[in-house]
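Participant: curious how this folds, go ahead:
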Amino acid sequence: MATNEAKPNGFLEILHGKETAFLWPLGIEKINGVGKQTEQHLKSYGIYTIEDIAKTPIEHLERIAGKWGEALWHKAHGRGSAEITTDWEQKSMSHENTFNSDYADLDFLHKELVRLTEKTCYGLREDEKMTGCVTVKIRYSDFETISRQESVDYTALDDVLIAKVKDLFTKSYQKGRPVRLLGVRFSHMIPITMQMSLFENNVEKLNLYKAVDDIKDRFGSKLVTKAVNTGANKDKPTGSQPKKTHPD
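Facilitator: Have a look, this model is predicted:
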């Protein structure tokens, strides 16, 4: 959080005892894992800043946000329970594709974004993880590269993450400009057992995606595909293969 607030060098030191002075004026969307849905839900109860969370009794937060209410309260006070460990742990997951030709066709670019997101979602669920941050990477024909990221409510669902990826692409893409590379990256990952999105029932949907994953494992990924990807193969440039980047 401090890094995101430090411009332009990305480094900011928060002295001991000054945590609340830094945190409290910030909006609730600055907390990792608080996406648009959670943000709007909290705002409907008059909670707009981290200070509002800090001054709300834990019991009330738990009525609003379920089990995550207590965690939100501690985060608002600058407290965390994460243990520091020297063991390596994957902090992000991404896939990207460099095309053999430049493409400005929106239909093709959208299909490729869906394919990359589905592939990354599959890996996410395979590792029993959820993501709280989505990044879309675009490299144009002149090799100018831009990336845009946003926080989301923790999830591992294809439809939610595909919608966010498309939204980020729409906000970033310069219409008509040829694209050489597209990439999708998930970060701020947590174990899937820590269900943080408490404002809709996603358990059945998650189980459905896992069942589809099992079918792909048994019979091959080409057997199951979304309607939006139908016909995508004929549009894909010959020899263009997805490239998985190394995790941070």
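Participant: from the contact counts, what lies against the helix ranked longest in the chain?
Facilitator: When the chain is parsed with DSSP state H, its longest helix is helix 106-126. Packing partners of helix 106-126 (3 or more C-beta pairs under 8 Å, 6 or more residues apart in numbering; DSSP states H and E): strand 92-103, strand 129-140, helix 158-172, strand 179-187, helix 203-219, helix 232-235, strand 242-244. Every C-beta, even on glycine, is put in place using the N, C-alpha and C of the backbone.
Participant: so which of the ones you listed comes closest to Thr38?
Facilitator: strand 129-140 (10.3 Å; C-beta to C-beta).
Participant: could you dump that closest one to PDB, C-alpha only?
Facilitator: Output of strand 129-140 as PDB, limited to C-alpha atoms (Å, rounded to 0.1, in the frame of the first residue of the first chain):
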ATOM      1  CA  LYS A 129      -5.400 -19.700  -5.000                       C
ATOM      2  CA  MET A 130      -7.500 -16.600  -5.500                       C
ATOM      3  CA  THR A 131      -6.400 -13.200  -6.800                       C
ATOM      4  CA  GLY A 132      -7.000  -9.700  -5.500                       C
ATOM      5  CA  CYS A 133      -5.400  -7.700  -8.300                       C
ATOM      6  CA  VAL A 134      -5.500  -8.000 -12.100                       C
ATOM      7  CA  THR A 135      -3.100  -6.500 -14.600                       C
ATOM      8  CA  VAL A 136      -3.400  -6.200 -18.300                       C
ATOM      9  CA  LYS A 137      -0.300  -5.700 -20.500                       C
ATOM     10  CA  ILE A 138      -0.400  -4.300 -24.000                       C
ATOM     11  CA  ARG A 139       2.700  -3.900 -26.300                       C
ATOM     12  CA  TYR A 140       2.100  -2.000 -29.500                       C
END
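Participant: given it, what are its sheet partners and their directions?
Facilitator: Paired neighbours of strand 129-140 in the sheet (DSSP bridges): strand 145-155 (antiparallel), strand 179-187 (antiparallel), strand 190-191 (antiparallel).
Participant: and the longest helix of the chain, which residues are buried?
Facilitator: The neighbour-count check on helix 106-126 (16 or more other C-beta atoms under 10 Å) flags 108-125 as buried.
Participant: pLDDT below threshold where in the protein?
Facilitator: Scanning the chain for pLDDT under 70 picks out the ranges 1-19, 80-90, 193-205, 207, 210, 213, 216-217, 219-248.
Participant: circling back to that earlier point, out of the helices and strands packed on helix 106-126, nearest to Ala76?
Facilitator: Among the helices and strands packed on helix 106-126, strand 129-140 comes nearest to Ala76, with 16.7 Å by C-beta to C-beta.
Participant: the closest one to strand 92-103, inter-axis angle?
Facilitator: 30 degrees (axes from the mean of the first three to the mean of the last three C-alpha atoms, to 10 degrees).
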